[in-house]
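>>> When you get a sec, could you give me coordinates for this:
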Amino acid sequence: MRLLAISDLHVGHPANRRLVEEMPGSPGDWLVLAGDVCERIEDLDFVLATLGPRFGRLIWVPGNHELWTTSGSARGVAKYEQCVEVCRARGALTPEDDYEVFPGASGHLVVPLFTLYDYSFCPPGMSPAEALAWAHEVDLECADEHLLHPDPFPSRQAWCHARCELSEARIAAALERHAGPVLLIDHFPLRDELAVLPAIPRFKIWCGTTRTEDWARRYRADVVIYGHLHIRRTTRLDGVRFEEVSLGYPRQWSHRPPSMWGPRQILPEG
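Okay, here's the model as predicted:
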């Protein structure tokens, strides 16, 4: 039995949607969808309905794109809750569900997370406003600033901090009952040093929060899955394997060999 993972499917792009339609199944294996599947609830349901019957279990965590308010859609927490409802209706695990132990030989506790970002991936000492100004100096601004609303929280960073506090409490409680290894799943990289974007380095302020910097060590994780950067890679830090599993936009994946268009195998380590 294997645990596979992919993120940033962005099925609003027709070529990406076709990849999902044509993705081979692997009955019995678990598939992680690590965020940025789409922007519309209807597209999330399409992906879950298409891939659910092909795998033994689906696990979803939100990216920033799922949280966007598009024409007629809900805002903030309400949009996230709609996504959770669709996932549960299709039998997919979410960050709001009880953590499960992967039934493969490794026995990892699988922990889906939703943490967001708070502009703290920036030079030391900057406030959120200063971090945004730092990005604006090179004409960078994430579309989230216009489409990702934090309602009912006063700001995205307030929502991020609330999500971190909730996750910390839930993981600590789960580890009182689970003595084995842990696998963390988030759309955003948990460590600042992983948020490396050579073409747009200051975009990192929209890539995570320093509040999660020590989570892998603190929560006994030996594997962490993330996406968001659209740069697939494996990084080992302090004995932890960090796996970036993005597909990305067509211009980013179309030049790769077809063997790199699908999910990555995470467990057992290939």
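>>> So what's the gap between the strand ranked longest in the chain and the chain middle?
Ranked by residue count, the top strand of the chain under DSSP state E comes out as strand 26-33. Centroid displacement of strand 26-33 relative to its chain, using CA atoms, centre = their mean, to the nearest Å, is 16 Å.
>>> Are there helices or strands packed against it, and which ones?
Packing contacts for strand 26-33, counted by 3 or more CB pairs under 8 Å, 6 or more residues apart in numbering; DSSP states H and E, involve strand 3-6, helix 41-51, strand 55-60. (Each C-beta comes from the backbone N, C-alpha and C, glycine too.)
>>> I'd like these as TSV, with distance to A129 appended.
Putting the helices and strands packed on strand 26-33 into TSV (distance: least, CB to CB, whole Å) gives the following:
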stretch	distance to A129
strand 3-6	35
helix 41-51	33
strand 55-60	33
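>>> got CSV for those, with mean neighbour count, distance to S167 and mean pLDDT too?
Shown next, in CSV, are the helices and strands packed on strand 26-33 (neighbours: other CB atoms under 10 Å; distance: least, CB to CB, whole Å; pLDDT from 0 to 100):
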stretch, mean neighbour count, distance to S167, mean pLDDT
strand 3-6, 23, 19, 98
helix 41-51, 18, 21, 98
strand 55-60, 22, 15, 98
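>>> Out of the ones you listed, which is closest to A221?
Minimum separation from A221 across the helices and strands packed on strand 26-33 (CB to CB) falls at strand 3-6, 13.7 Å.
>>> got a list of what the residue of the chain most remote from its centre touches?
Most distant from the centre of the chain: E137, at 27.7 Å, with distances by CA atoms, centre = their mean. E137 sits next to R202 when contact means CB atoms under 8 Å, 6 or more residues apart in numbering.
>>> what about it, distance to R202?
8 Å (CB to CB, to the nearest Å).
>>> re the thing from before, buried stuff in the longest strand of the chain?
Buried positions in strand 26-33, judged by neighbour count with 16 or more other CB atoms under 10 Å: S26, D29, W30, L31, V32, L33.
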